[in-house]
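1. Structure here, sequence nowhere to be found:
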């Protein structure tokens, strides 16, 4: 087609271009089709498969930090109720100081050991206004929270938070990434070799990950329980001072040849901790996985946004954590008893089974479920916060990878 023909008959030029794009040939002049648009970035169905261990640990640590701060008061209430059932007596925080000052005479001190300024049951003992022991006995979760606020101050509801943060960040930073890694590996393995066992993968992966995290960070868990269970005056000791006190107390009762027992005691009760945490994780993950998959399928599956991911994971985590906490409450009671045991010989020789038998003998079924309310009230929101925060951060990091 000549230039004059193209100018006079523009429709022929357009037809020629169309024929050329459809595979036709033109002996006069070749027309190249326009370049194709760039392909859209491919997105993975699994929002976590492009994330490394460091990013998983970062998102898990952030979730643990948030959860530890929010639910710590319920953790304190649970520990106080269980310690009281084990025989720990509570009194006014200045009670020991006043008893030591009494040897200097009644004129040397003027104290007020009432449980609250409005308490009408306080009596006068010398120059001291003091409440009866019933004022310092806890009767339930709300009673614990109210009495700690009145007698020790509102900030004591976050007692042990530093230990909780020191424990939660590395523990969850190990736990959730290892769970993801174990689950992905086991799902791939079972899909090829034993498809019938695939539904049990979350149970096994959760148990393995929790055992690894517990064995790594157990001494901090011991310190947190003792910090929450005991009253230590106006300024309670920190994590390091609490652990040093446990070690020095044990070493002082042993010969120098057995000084290693002082360090072994830092893992006292780890068997009870594993006996609680392994079934907790197994129940939790085997409930959480199908629940959140069902919820995510209802809100759009792969098209779900960050808000949908947050809601589905928090709801599934709340349900799973509540069920797992209620089922493992007797083992939590045994764990607390073993961790607050002050007799070093007994602490090193007691077993979880013996502890459970003692709890049953002392308090029956009610004793085995001491602290059930605050434990369940803590575990449900805690698991929901940790899992939802973790998955949302994974979701955001994944989309940052795909768009970059």
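-> Noted; the coordinates are in hand. Here the structure is a predicted model, which is why all the values come from computation and not from measurement.

2. Please report the distance of the closest residue to residue 352 other than its chain neighbours from residue 205.
-> Closest residue to residue 352 in three dimensions, ignoring its sequence neighbours and counting by Cβ to Cβ, 6 or more residues apart in numbering: residue 272, at 4.4 Å. Where C-beta positions appear, they are placed from N, C-alpha and C, glycine not excepted. Residue 272 sits 23 Å away from residue 205 when distances are taken as Cβ to Cβ, to the nearest Å.

3. before we move on, the earlier item: in the helix or strand containing the residue nearest to residue 352, which of the residues would be classed as buried?
-> Using DSSP states H and E, residue 272 sits within helix 270-298. Of all the residues in helix 270-298, those buried under the rule 16 or more other Cβ atoms under 10 Å are 270-289, 291-292, 295-296.

4. can you list the weak-confidence ranges in the stretch 301-404 of the chain?
-> Across the stretch 301-404 of the chain, residues meeting the criterion (pLDDT under 70) sit at 301-304, 404.

5. Please disregard the earlier target; I meant the stretch 101-250 of the chain.
-> Counting by pLDDT under 70, the stretch 101-250 of the chain has low-confidence residues at 101-118, 120-129, 232-236, 249-250.

6. all strands of it, in order?
-> Counting by DSSP state E, counting those that start in this stretch, residue ranges of the strands within the stretch 101-250 of the chain are 111-113, 123-125, 128-130.

7. re earlier: pretty sure residue 334 is one of the things the residue nearest to residue 352 touches, is it not?
-> Yes. When contacts are counted by Cβ atoms under 8 Å, residue 272 is listed as touching residue 334 (4.9 Å).

8. hey, what's in contact with both of the two?
-> Any residue near both residue 272 and residue 334 by Cβ atoms under 8 Å, 6 or more residues apart in numbering counts here, and that gives 352, 355.

9. what sits against residue 157?
-> Residue 157 sits next to 72, 73, 76, 145, 148, 149 when contact means Cβ under 8 Å, 6+ apart.

10. want to try a markdown table for these, with distance to residue 392 as columns?
-> Written out in a markdown table, the entries for the contacts of residue 157 read as follows (distance: Cβ to Cβ, whole Å):
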| residue | distance to residue 392 |
| --- | --- |
| 72 | 22 |
| 73 | 25 |
| 76 | 28 |
| 145 | 30 |
| 148 | 33 |
| 149 | 33 |
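
11. Those residues, buried ones only, as a PyMOL selection?
-> Typed into PyMOL, the line below selects the buried ones among those, using 16+ other Cβ under 10 Å:
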select buried, resi 72+73+76+145+148
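
12. ok, which pair from the contacts of residue 157 is furthest apart?
-> For the contacts of residue 157, the maximum inter-member distance is 13.7 Å, found between 72 and 149 (Cβ to Cβ).

13. Give me the domain ranges for this protein.
-> 53-90+144-403, 91-136 (automatic domain parsing).

14. From the contact counts, what lies against the helix or strand hosting residue 396?
-> Assigned by DSSP H and E, residue 396 belongs to helix 372-403. Contacts of helix 372-403 with other secondary structure elements, assessed using 3 or more Cβ pairs under 8 Å, 6 or more residues apart in numbering; DSSP states H and E, are made with helix 53-85, helix 141-151, helix 161-193, helix 270-298, helix 306-327, helix 329-339.
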